[in-house]
Structure formats: structure tokens, C-alpha cells
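Asks: give me a model of this one.
(3 chains)
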Amino acid sequence: MAKKLPDNIDEIQTEVIETDLLIVGGGNAGCFSAIEGKKINPDLKVTIMEKAHISRSGATAAGMDAINTYIPEGKTPEDLVRWSRSQVGGGPIREDLALSNAKELNQAVDDLEAWGLPIVKNEDGTFKYRGAWDISIHGEQLKPIMAEKAIEVGAEVYNRVVATSLLMDGERCVGAMGFGVKDGKFYVFRAKAVIISTGGACGLYKSYTSDATNSHHQTWMCPFNVGTGYAVGIRQEAEMTSMEQRWVATRTKDHCGPVDTISVGYKSAIINAKGDRILQKHYAHLGGDKAPRYIRANAPMEEWLAGRGPTFVDTTHLSPEEVKELKIDYLNERPTFVLFLASRGQDITKDPIEIYGSDPYIVGGHTQSGYWVDLERMTTIPGLFAAGETAGGSPNKFVGGCAAEGKLATRGAINYISSVSLPELDSKQVGQEKERVFAPLLRGPEFDGVSPLEMEERMQRLMDEYAGGTSQFYRTNEERLDYALKHLKMLQSQVIYLYAKDLHDLMNAHEVIDRLDVAEVLTHHLKFRKETRWQGWQTRSDYPEINPEFDCFVESRRNKETGEIEAFTRPYEQIVSGDRYKP
Amino acid sequence: MKKLNPKVGVFIWDQGGWLARAIDLDALVKKFTKAKVVVRCEVLNDLWSTALLDLIKKDLEAGQVDRVMWVGRFTSYQIKCIKGELASTGLNPYLHEWCDLEEQGICVEGIEPGVQTCKAMTLIQMALARTRLLEPLEPMELPGSNAVLIIGAGVAGLHAALSFVELGKRVYLVEKQSGVGGKVALLSRFYPRLCDPRCGLEFVLHKLSESDLVGFYTLSNLISLDGSPGNFQARVQKQPRYVNEVRCNTCGACVDACPVELSWSSGVIQNLTHKTKILKGVNGFLQSTRKAIHPSIPMAFPSAFLIEKEHCPPECRECEKVCPTQAVELNQSPLEEILRVGAVLITTGWDPYPLSKVVEKDFGYGLYPNVISNFEMEQLLGSETQGQSPPSGFSLSDLKEVGFIQCVGSRDLKHLKYCSSVCCSATLKQVLYLKEQVPDVNCYIFYQDIRSPGFDEDLYLRVRLLDGVVFFRDLPTTVGPEGDTGKLNIIANDIVLGRNVEVSLDLLVLAGGMIPSEGSQEVARVLNLPQNQYGFFESHLQCHPEESQRTGIYVGGCAREPMNVAQSIESSHRAAMKALKYLEGTVQVEPTYPVLDKTKCDQCKRCMEECPFSSFVFDEKGFPSLDLAKCRQCGNCMGVCPLVAISLRHNTIKQMAAQVAAINSSFIGSNEPVILAFLCENGAYKAAQFAVELGLSIPPNVIFIKVPCAGAVNNALIADAVSSGIDGVLIAGCKDGQCQYVWGNQLVRKRSSDLSDKLKMMMIEPERIRFEDLEIRDAGKYVDILTSYIEDLRAMGPNPFKFIKQFLF
Amino acid sequence: MPPRIDIEKCDGCKAQEEPLCEQVCPGGLMSLGENMKAYCRQLRDCWDCMACVKICPVGAIETRVPYQLGYHVAKLIPMMGTDTVTWTCQDINGKVERFKYRNRNDAE
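Replies: Numbers count the residues shown, from 1 in each chain, chains lettered A, B, ... in the order given. Below is the predicted model of the structure:
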């Protein structure tokens, strides 16, 4: 319903809320953070700031069909780290973070089961494993279950409040600011510590169905996670890690739904148009069907490029029972894939499921892009903690690992809180941010500018063509990256022309602004890593081989005054023994 | 949520061996003895032995058993007795479960024992699933007041006040006029005894004024009512009288000094051309004036005068100057007070229908000064004897020819569609009284029907026997002036005579009807009290006329519907009786009220909108919060919640879902359809019981679950039933207008039809969900519905969900 | 995969504030129009999570596949029970499949 929009900044009410622990992003990690906080200290004031509604917000909106990592009997957290490391081609990964996640992992999943999440079991009551580490769940209610628990333990939830900036006290983060997308108020949350858990960044690149009517958001990843969490930190000089390690994955063609774990779980090999089992054929030396994830992501694209497409996962051997189970898995995570198959009248035992690469995403729960954090999950900004896909360094976390990390971040935050207090509110900072936030809404009727949609489309095509998007089979090179950076800078300078016709549009405007900041950092990282270590995730056509000099983390920091992005490295440290390249 | 560890004692009462004859009792006992939560499963031949009581007591004390399930057939009296006996064991009364096999049809002749046994097993399985989830509950007491608020100090309000006072309850009487008495104080006489209305009113007032339990609030209105039944906070605003109530000794010196004259009636005709004595007199009467300062109206109680200050000239203080007791206080301001009361009684009465609206009939009201309403006639008749200023220069004895037209603006599609039930008797009374005062006056009554029910027939007879009284059966076609005489000429087409009649009248009285008073409209707004289509506070249930859809708020007298004085008094007493339970100082609440799970609630407000009794308000966080005293525990909120976030205690969603899940959808064999029926406790369930009593052939295919109101059935439960393979779901509630909870039946009918539409989209026959209305005697209809439903389901074939494996683990 | 709303069925959730579909959409895409009925403000932005379809109390919302992806017309209808969910799918050739599974266990 149309709410009367303000004419000037003074009509906009400012709401100031004080809390102990602020959690920005009420998703999987965010809810677990809140629940852990209240468990450790029921008197702790915990506030969740969520731009949609926590009952169905974020990546788990439709549900989940599997927990991809649960350590079975006989295996250890170290084993999980080894597997994770090998899945990213030997890393480098933050093994300290990976190990701490792995140790916390099973408990987080057990918590979910205790809260009512149905986990598929064998006859004898043990969890049914679909792969080496994945267990099947009926997670259609996964998000509501977590959200209800967060409310039950007493977290204070602010739904429909979009985060736009951190609240700073010098170098320290003391909260966050944003606006209500329904009530149009300006919100200032003052907190002793902040956990940022806004998920990853989708929509930096154009999805390949984007130019058609009604298919703009055919993305695997939640398109409403735009990287705000990264952007607010980037703008305050936070150090980001591994942003060049984009998550690109094999997905159902056109529909862009999950298929990787289906492929592994139902033993459906990736085949090309000729029926060749391409992983076996071309990547046997890297493990064949068990090859690292980026190989699996890139392989089908290579087939298309070589003229041997289309590519499929071979489901022709499945029994009717297995087909049913497979469809139930989809119904739990991405139900419209069942509808998609039905809308083609497709019998997957006759016509196998077609696959293609997805658009690239930044998602630190699958790959390791995100904030550089310490073991307590504190970022390089004191008082700011990161968890879930927003936190970088440790790939292959998935649902269980992000949940576990939420808990770890809370513990870190509570330790931190015990030694700090809330400073005075910097009203100048608040005033400036309020102006910046509402500027697109207050342009006035005569304003001649650019809509968020126009800018988003421009950015997405720019990134796709120049920074290694799907249309380029993920390839890029120095000159294209420079081109991208130049135009990203121009887009950033044109943000002053953005106008919004209502509050939802204003949210879209800020989503574009945030995406631009993340895309810029990402492009810098791609430029800096002058090698191709993870084909598909990060392919440099001008440096197609691995360069041992880059066996390290690529980091970046954006200067607050100049806007310049400085990229540098940090060394890799192996903590868990074993061959890095083998699970 | 704590982990459940229930320990159930199952007692099967096979009195006279009826059960053993119908089913394989041994197999049943064997099966349930093995059930995980069952500690003991026994067949009893004699329920009434102390041995049983001791056994249960021992089990309870030893912690062996913590809840008991009774299986068999029980009359309600037996259930009451058993509960009474077991109260001494300390077992919470809500930890008993009753599995009445007989009412579910396990005794019906002609059903194959194998089927009966299967069905009995399923029924016990269901009951056990529910018993597992039972929780002990304690009744609650909420704080209450022993004061009552009565709005409207007319005859109904005053009499009710006296009843309350006699029972020792504090009464606050709120009246918007300056004096009490309402409309009755303005009437000339009561029928049938022609006694003076002021007599009865003075009698009651005398008693009330002697009691210190009564607070009179005249010139007052109710601004708001907060709180809950037993514990309301009524905010009352009192307008200033500008006269000190204690000091004023009613000497009247102020009235003489006051320079302002105000007219009573707005219907006065200004430019009178025919100045006959009667015309001048009646017009003058209607035009009679008052000063700005005057006694209370309509009765001088409270005795202090009041000033209509809005009409005073600025700076005028004439009354203050002459008052011997310094009672005039021109600086008074409105006062607000919050009164704590347990219940509210509304007796705001009626107003006469404004006859100036009835223009198309052209009876001349407002045009000729000698056309007046029946209410104005009362005042005219009463004026000579009541000491009011008599009409100047004219007396009643000047009247020679008086006409009465009945049903003016009543029983009329353009005005009041209803009959105000008292106008005929009132006109007869006016004629009787007029003839007593002026024996040679001629009266002409133009009527459609004379309605004088009950003993009023006697009144009718008396009037018909009077000389000089003629009844014409038709309403006049024309009313006009008779030349310059000042008289009125009436022409009517009399049905009995079959020809026109023409009459010449001195005075014409139009009998208009009653409408809800302005005060009633005001109260409806402040209290959000539902009105019927005419604006009266008719109860939603014929058999509970004193009820209103707001718990703790009662209505009596003409505010409810047009009625005569005796009926008004009766009605207000009846409402007063009902209100008493909220005036005890505490309010008892059954512990089976609804509970909201805030973790699931999305604040969509459907529960608030659909609660028939407006029992929810928003709490400070925006969640619906239930007023336990207002709640009638019908469960409609539980039924409507799209997130299944509300449950009635002792009839929770989980308990019902467990019962549904326990139903073996093939218990009757693989080719016979199974029906799950949700029966509302008040109508449909009684019909089912009645069917058993009558020995009707109830098909064995149906299993029912009893619900407090059909509206308590949530779509998620119906979805569970359909998806578990049950072939048909029947929801049986009341007919429209008969639901004890106003509209529960309509809500579930609409909701379940939405779900039927979804079934259609799912390629399942939408008729697998059906709503029917059943009254208490519809035993035969119940069986017919089931029989035809089974036929339909056989034709449809089994529910496809019977063959879909649920992925269990 | 944009949601289709049956405006005859939709009653705007009779609420002053937001209808249920508006509350639950992770993208904030649902809204109440001037006609007091729900509508999706930006069909191309829908991520087809079906949260709105599941929560609508009157069953007024259906998900469809955009023609860019699949043919006319297939249906996927969820029916929510208290702790199970059933899905019925009909493909473009009329073939019907049904699925049923538990989506909640009792919390401990």
C-alpha cells in the first residue's frame, strides 16, 4: 500500500536502539548467533537486523535438502579439513578457521534436529549419508525452525530494516545504521559488538537468462543477498580475503538450481553430448568424478566451448524410487525444479538433467571470499565479527558450517563485549549517513537521473563481459579487468544520479551501490592474482597456469579517504597434516 | 519443550459384556498392553468398586501411572461420577481421556466383527495418541470488581440498579440527560391499568437514593471502556451543571431572573395563519419554552437545577446574583472519572422515529400544527395533570374530534421495516384515557392491523366498546386543511365498508415507531458493540436473548428491541442476573483457553478479526493478546490461524493432529472409503449421539473428532487427513444464525471450501472435503449424509494419497 | 518464476498492515494494491522460493514457470499439514505425481 513519501529529510523519523550484540542479517548464521548469545547469557540483549522477515529470509527461503557436512563415526574434524582443502585444489585455506568450524559442526546439526528438523535416517536410526559427508534432511521448514528458536530465546528482531552502513567510533565498530523498507524510518543500532552475517553477494554478474521476461532472478544463489555485509566493511577499510575465488558451480541449465550434490549423491556422472564421462575422461588425474569443485564447475563449460555440448548429469540409470527421492530433495530446497521438469514433460530416466555453469557469486560459505577474520571471527575492524557466508578464509562450510560459525562468532563477540562499553553517539556521522541513505528518495519530481534497475543492468553486463562472467566462460585478462575497473569507477561516481520512486526502490538503489563496491574489490583481486589456480572460479586467460608465487592469500583494503584499493598477500599456513591435494 | 514420558493406565469398561460381543476384546487388550506408553491395560467388569479406586490411587502414588484413559460407553452422568470419585486420588481432572466406543458406532448391529475390531483399535489408537499429549491444567481466577456500570437511567436502568443494590452490589448509573426517568417519565399513563408512570419511578428512586451503593452520574457519557470482564475500567465524563448539587434548594429565583427563553420543540410552525384556539394551543404547547436555567429533565432528580451555558449571553450573571444559597457556579468544568466495574449494562432505550421524514405520505406533520406524533400526544395528555405549563388558552376539553393514524413510517420499506410492537396498545391507551378526561370527544382510529398481543386484547375490547370511537381499516389517502376552519379534513378508503370515508378533525395523532436512541448509537461506537440491521443490540442467539457479543456487557430494555414498560423492566432484570457472575470479586476462568505461540505468529491479525467476541487486543509488541475473561473458548482463533500458532489447551492442534495421524485409513478394508468427521459439540455431535440412541444404521466407515465449534478446525488438520489417505473429510457445524459462537460455521465453511479448491488444483476431487450443517435432532439427516457421502466416495475411488508412500524415517 | 494471484480468492488478508505474502517474501516483492489485493511488484525479481504460495491462507497464489524456461502448462501445488507437506505436480502432458513427507518433528 502506498505510504506517503517524505518531501525532505526532516520528515524522516530516526529510531535509535541500544543493544549488546547486534546481528546484521537474520539468516542461518545470524539465527544461530542469536540463539548462542542467549544461551551463553540469557540477560544479554541480542538484536537481529533483517531486511526481509526472518521466517523465510535469505538463502534458505525455500528450504534445504541436505546438510553437506556432518562428520560421521570414524572420521575427525581434521579429516573434514583435509577434504575441504582438497576440494579447493589444495587451498590455500585458513586451516585454523576450518578446524574450529569442523569441531563445532556436528553440535550445530544436532541442535537443529532437537528443534524439530527431520533428518533422513537408515533403518537402524543412524543418519543416512548421501556422499562422504552429506546427510539428507527434509528441510522445507529449516528457516522457520531456526527463526522460531531465535524468537523463543528472546532475541529482539527488527524485520524489514535494510542495513546501509556500520556505525563507527574511530576505528571501532559500534553498531550499524539502515532504514525501514516498510516504515521509512532511519534506524541507528548502537551495539557493543556487531556480527555481520548477511550471506554472500549475488547479482554482481548477469545471469544468462536475465534478458528474458520474468527470468532475471534465475540464479542458484539468493538474489536478495547482494553483498551488503561485505560492502559496509569495505567502506570502513576492512580487510577482505580471497575475493577472487568466486563461487561458480554446475547448475541445472536455465533454471540454475542445485545439481552438484545430486550428481554426487545419486551417482550421476557429468556427461557431454556424446555421452562421455568428461570428468573421468579429462580430469582423472585430479580425481575424476571426485575432482575438486571448481573442476566440476568448469568442465561442462569447457565442453560447450569445444563444441561438445549440451552437458548433462546422467540420471538415466536411476530407479523410479530414486527419482522420487531426488525430486523430494529438490522439493525441499528448490521446489520449482520439479515444476521445471514437469513443464518440459521430462522423464529424467530418459532425458537426463541438463547442466551448465552458473553465474559467478561471492559466497564465503562455499568458497572462501569474505572478511579476513581471526579465530574469534573478529574482522580487522575491532568490534565487527563475521559469520557464515560473509566470513572468509574457510570454504565448504555450507549450512552446518555457517551455523557453527555463527556460534563461534557469538562467543568471540561476548568475550569482546565484556571489556568494552558503548561510546557517545556521533550525531554528525548519523546525520551524514541519513542524508546519503535517503538521497535517492528525495530528488524531487523534476529530477533527471538513473533508476536502480538501469544501473544494475549496466553493472551486470559490464562484469559479465569484462570480469569473467558466464558469457565469457569465466575467462578474463588484465586489459578487460582494467576496463571493468574503469567503468566500475564511473558507475560509482554516477550513484549521485540514482533516484528511487518508493522505499522498495530505495532498497534496490542501495543494493546497486553495495554491489558496485563489492564488484570493485572482486575485480581488483582478480587482477592481482596473476595465475589460474581454480579454473572457472578464477580463470586468467593471460596467465593460464598456476604460479607458485601465489600460493598465498590475496587480501585487499579500500582506503576510506581516497577510495583506492590496496591489494596484498598473506602467507598460507598448513596446520592439518597430510597431502594438501588429497582428501 | 520438555520430553514427554507419559504413563497411561488404560481401563476398558465392558459392562454386561457388550464390548466382548461386538469385538475381539482379547486382541485389543493384547495390542495395547504392548504399546510403549501404556503401563497397564485392564478390562473391568465393574467400574464402581473401591478396589479399582485403590488400584489407581496406588499406581498414581507410586508414579506408575500419570494419566488414565477410559474406554467403553459412558453416560455423561457416569463420567461426572467417575471424575468425582477420582478427584480424591489427586489425579488432575484434565489427565483423563474418554474413549467412548459406542458413540463412534461400535455397537451398531450388522457390522462384521472384524471391521468393528479394526475400528475399535483405531479409535483407541487415536485416543492414546491424544492421551500421550495431555497436560495437567488448573482453573484460574482473575481479579474482579463487585460494581456494575449501568448506562441509561430510564425505567429499565433504574429497576436493574435496584436489583443490584438489593444484592449488595455497587452501581454507577450514567445518564446523558440532566435528570433520570428517560422516556417513561414523559408518558401520560401506562396501559393497561392507566397508572401514572411517575409513581413507579419515584418508588424506585426513593429506594435508590437511600442506598449508599449508588452513584448517579447525570449529564454524563461513557468515553471508553478498557480492561476485561470482571475488571473493566470505564472512563466517564461528566458535563458541568454550573449549579452546586448540594447547595441548590430549587427555590426557582434564578428562573425568574434569567433573561433567556429557549424553545423545547424544533417542530414548531412559525407562521401560523389559522389562529383557532386549538391550533394556537397545541402550537403553543409544542412551542413552550424554558429558561437557560431550569430543573433537571425529564425528572427533577437530581433535584439541583442546571444551566445550558451555551445559550447564555456573555458576562450575564443574573442567576448568580439572585441565588440565596450561592449555588450557581459558572466556572465548573467537565470532570472525568475512571470507574472500576465488573460488568456493564446498557439500557439506553429508544427515540421516537422523526415523522418529518415521512413526507411522501403527506399526513401534514410539520405543516399543520394540529398534526402531532403519538409521543407528543403523551406529553399533551400528561401536561394538564402533571403540573407542567398547560397549553396556553386551550384545554383538552376543547377537543371534539381526534384522529389517530397507525403505522406511520412503520412496517414500511422506505422507513422502519419492522413493527414497534407497542404503538397500537399505546394508541388504545391514549383513546381510553382521553375519553376518561373528555367523555364526549370522538376518536377515529385509522389502522392496518391492531396488534394487541396477550392480555392487551382486553384493552382493545374496552376501547371498541366505547361510545364515539370508530375504527377505520385503512390509512388515509389525503389529509388537508378544511378551508379556513383550522380543522383537518381526512379521506380514507375503508376496506370494511368498501367505500371512502371523510372525517373532520381538531387534532390528528400519528403513531410513529421506535428507533435506537442516540445514546445507543454512541455506546455502540464506544464499545464496538455489534448491532442488528436496525441498529438495536439484538443478541445473536434466540435462546440467550440477554447475551451480547461482548462478554461482560449486557443489554436490557428498548435498547435491545421495541418493547413495553413491563417487558423493559423484565428484560433489564434478566440481563442483571447474567451480569452477576462478573460481580463476585473474582472471575473464574476454565483453563482450556487458547494459547498463542509467539515464535510462529506473523501478526497477520486474522485471529483478531475472526474472533466473534473481540477477545483479542494488540500487546505492546503488536502480537495478539487474549483477554481471558472475554474469551468464550470456542477455538475459532485456532481454526483460522494460517501459521497454526494458536492452540486451545486440552484440545491442542498437536493433540488433534496426533489423533488424525493415528487413523488407519484402511481400517475398513482396502476398498471401502474412510470418512473423518469433525463434529461441533453443540449440534452435530449431539445429532450423532442421538443417532446411536435411536439405533439408526450408522455406517462404520466414519470416525469423528469432537470440536467445541466447527470453526475450530484448522485447514492444516484437514490437509493432514487428506494427505494421510483418508477418503473424505466431513466438517459438521451449525446452520447460519444458530452457531453458538456467532459465525464459526461460516468461517470454516469458507476456509474448507478454499482447501477444496486447492484439492481441485491438485487433481483430487474437491468433494473430498465437505461441510454440512446439522442440528441437534438431525440424527436421520446425519446418517443420510454419511450414506450418500460414502456412495460418492465409492464412485470417486480411493484417495490417491493412500498409495503415496510418506518418506518416513 | 513469478507468482500468479487469483484476485477473486485473495482477500488481502483483511489486515491493516501487510498481507502474509508480503511479510514472508525474502525479496519484499509482494504488496497490497489499491484494490486491496496482493500483487507482485516485480515479477522478474521473483526467486521462486514459494514461501508466498505456502503461506497464503486462502490458496490464492500459484507459481508458474516463465515461458523462457518451460512449456505451458505445468502445476506444482503444495499443501501444508501440521507437520507434513504434500506436493502435487502435473506436467504438460497431464501426468500427475504426488510427494508427501514430514517437515517437522516434535521439538525436544
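
Asks: sketch out the low-pLDDT regions of chain C for me.
Replies: Along chain C, the parts satisfying pLDDT under 70 run over C:1, C:15-17, C:108.

Asks: which residues are in contact with the most centrally placed residue in it?
Replies: Centroid-nearest residue in chain C, with Cα atoms, centre = their mean: residue C:53, separated by 1.6 Å. Going by Cβ atoms under 8 Å, 6 or more residues apart in numbering or on different chains, residue C:53 touches C:3, C:61-63, C:78. Bear in mind the C-beta positions are built from the backbone N, C-alpha and C, glycine included.

Asks: so which of these reach chain B?
Replies: When contact is defined as Cβ under 8 Å from any Cβ of the partner chain, the contacts of residue C:53 meet chain B at residue C:62.

Asks: now render the contacts of residue C:53 as JSON lines, adding secondary structure and distance to residue A:46.
Replies: Below are these laid out as JSON lines (DSSP: H, G, I helix; E, B strand; the rest coil; distance: Cβ to Cβ, whole Å):
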{"residue": "C:3", "secondary structure": "strand", "distance to residue A:46": "33"}
{"residue": "C:61", "secondary structure": "strand", "distance to residue A:46": "34"}
{"residue": "C:62", "secondary structure": "strand", "distance to residue A:46": "38"}
{"residue": "C:63", "secondary structure": "strand", "distance to residue A:46": "35"}
{"residue": "C:78", "secondary structure": "strand", "distance to residue A:46": "33"}
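
Asks: would CSV of the contacts of residue C:53 with distance to residue B:344 and neighbour count be doable?
Replies: Listed next are the contacts of residue C:53 as CSV, based on distance: Cβ to Cβ, whole Å; neighbours: other Cβ atoms under 10 Å in any protein chain shown:
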residue, distance to residue B:344, neighbour count
C:3, 47, 24
C:61, 44, 23
C:62, 48, 18
C:63, 51, 22
C:78, 47, 20
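
Asks: enumerate every residue touching the nearest residue to residue B:682 once chain neighbours are set aside.
Replies: Nearest non-adjacent residue to residue B:682, counting by Cβ to Cβ, 6 or more residues apart in numbering or on different chains: residue B:740, 5.2 Å away. When contacts are counted by Cβ under 8 Å, 6+ apart, residue B:740 touches B:541, B:634, B:682, B:709, B:734.

Asks: do the same with residue B:228
Replies: B:142, B:552, B:627-630.

Asks: mark which of those are buried, thanks.
Replies: B:552, B:627-630 (16 or more other Cβ atoms under 10 Å in any protein chain shown).

Asks: for the nearest residue to residue A:127 once chain neighbours are set aside, name its beta-bridge partners.
Replies: In space, and not counting its chain neighbours, residue A:127 is closest to residue A:135: 4.5 Å by Cβ to Cβ, 6+ apart. When bridges are called by DSSP bridges, residue A:135 pairs up with residue A:67, residue A:129.

Asks: related to what we said a few turns ago, closest one of the contacts of residue C:53 to chain A?
Replies: Comparing the contacts of residue C:53 against chain A with Cβ to the nearest Cβ places residue C:63 closest, at 6.1 Å.

Asks: would you work out how far apart the start and end of stretch A:296-313 are?
Replies: End-to-end span of stretch A:296-313 (Cα to Cα, to the nearest Å): 11 Å.

Asks: and it, does that touch chain C?
Replies: No - residues of stretch A:296-313 contacting chain C under Cβ under 8 Å from any Cβ: none, with a closest distance of 15.1 Å.

Asks: mean confidence (pLDDT) on that stretch, please.
Replies: Per-residue pLDDT values over stretch A:296-313 give a mean of 92.

Asks: stretch B:228-241 now?
Replies: 94.

Asks: what's the burial count for the nearest residue to residue B:765 once chain neighbours are set aside?
Replies: Closest residue to residue B:765 apart from its sequence neighbours, by Cβ to Cβ, 6+ apart: residue B:796 at 5.0 Å. Neighbours of residue B:796 under the rule other Cβ atoms under 10 Å in any protein chain shown: 15.

Asks: just to check, residue A:279 is in contact with residue A:295?
Replies: Yes - counting by Cβ atoms under 8 Å, residue A:279 touches residue A:295, with 7.1 Å between them.

Asks: mind listing what residue B:547 touches?
Replies: Residues in contact with residue B:547 (Cβ under 8 Å, 6+ apart) are B:539-541, B:554, B:578.

Asks: from chain C, how far out is the nearest residue to residue B:311 once chain neighbours are set aside?
Replies: Computed as Cβ to Cβ, 6+ apart, the closest residue to residue B:311 that is not its neighbour in sequence is residue B:292, at 4.9 Å. Here residue B:292 is placed at a distance of 46 Å from chain C (Cβ to the nearest Cβ, to the nearest Å).

Asks: pLDDT at residue B:292, what is it?
Replies: Looking at residue B:292, its pLDDT stands at 92.

Asks: could you report the neighbour count for it?
Replies: Each residue near residue B:292 was counted by other Cβ under 10 Å, and the total is 23.

Asks: how near is it to residue B:86?
Replies: Using Cβ to Cβ, to the nearest Å, residue B:292 is found at 73 Å from residue B:86.

Asks: what's the answer for residue B:414, then?
Replies: From residue B:414 to residue B:86 the distance is 65 Å (Cβ to Cβ).

Asks: next: residue A:513.
Replies: The spacing between residue A:513 and residue B:86, counted by Cβ to Cβ, is 70 Å.

Asks: higher neighbour count, the two?
Replies: Each of residue A:513 and residue B:86 has its neighbours counted (other Cβ under 10 Å); residue A:513 has more, 23 against 20.

Asks: looks to me like the more buried one is in a strand.
Replies: No - judged by DSSP: H, G, I helix; E, B strand; the rest coil, residue A:513 forms no part of a strand; its state is helix.

Asks: count the neighbours of the nearest residue to it once chain neighbours are set aside for me.
Replies: Spatially, and ignoring its direct neighbours in sequence, residue A:513 is nearest to residue A:495 (5.5 Å; Cβ to Cβ, 6+ apart). Residues near residue A:495, counting by other Cβ under 10 Å, number 19.

Asks: again with residue B:159
Replies: By the criterion of other Cβ under 10 Å, residue B:159 has 24 neighbours.

Asks: surely it and residue B:574 touch.
Replies: No - between residue B:159 and residue B:574 there is no contact under Cβ under 8 Å: 11.2 Å.

Asks: and the chain, what are its domain boundaries?
Replies: Using chain A. Chain A resolves into domains spanning A:250-357, A:427-544 when parsed by automatic domain parsing.

Asks: switch to chain C, please.
Replies: C:1-62, C:71-108.

Asks: again with chain B
Replies: Here the domain parsing of chain B from automatic domain parsing is B:1-136, B:147-347, B:352-515, B:590-797.

Asks: can you add distance to residue A:375 and give these back as a markdown table?
Replies: A markdown table is the format used below for the domains of chain B (distance: least, Cβ to Cβ, whole Å):
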| stretch | distance to residue A:375 |
| --- | --- |
| domain B:1-136 | 34 |
| domain B:147-347 | 55 |
| domain B:352-515 | 80 |
| domain B:590-797 | 33 |
